[in-house]
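> Next comes the sequence, and after it the predicted model I'd like to discuss.
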Amino acid sequence: MPRKARIVKHIMIAKHKFILEIYLALEGHRDISWEIFPYNNDASLYAFSNKQRLENIVEKKYLYENTKV
């Protein structure tokens, strides 16, 4: 995968650290694909119990721009 097709960010959500990988150009996908990796066991337990909340936060804050003009 080319270097520019992947963006890696270190983020913190609710006092838990995660690594966010954003894949810009995957074959067969029209939308942006992303994965989140926890730093430690506490972060993984938080991610497991708050999947939908974590997904909403990542999509609002880190993936899509705010379109208010």
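Yep, it's here. Numbers count the residues shown, from 1 in each chain.
> Glu35 - how many residues pack around it?
Using other C-beta atoms under 10 Å, the number of residues around Glu35 comes to 10. Backbone N, C-alpha and C define where each C-beta goes, glycine included.
> looking at it, it is touching Val8, isn't it?
No: the pair Glu35 / Val8 is not scored as a contact, 10.3 Å apart, by C-beta atoms under 8 Å.
> Please identify every residue contacting each of the two.
Counting by C-beta atoms under 8 Å, 6 or more residues apart in numbering, the contacts common to Glu35 and Val8 are Leu20, Glu21.
> Flag the shaky bits of the protein, pLDDT-wise.
The chain contains residues with pLDDT under 70 at 1-3, 26, 28-30, 65-69.
> which residue is nearest the middle of it?
For the chain, the residue nearest the mean C-alpha position is Leu20 (4.2 Å; C-alpha atoms, centre = their mean).
> Just the buried residues of stretch 36-43, please?
Buried residues in stretch 36-43, counting neighbours by 16 or more other C-beta atoms under 10 Å, are found at Ile36, Pro38, Ala43.
> Quick check: next helix or strand after whichever strand or helix holds the first one?
Translated: Ile36. Per DSSP states H and E, Ile36 falls inside strand 33-38. Next in sequence after strand 33-38, counting helices and strands by DSSP H and E, comes helix 41-49.
> Fine, thanks again, bye for now.
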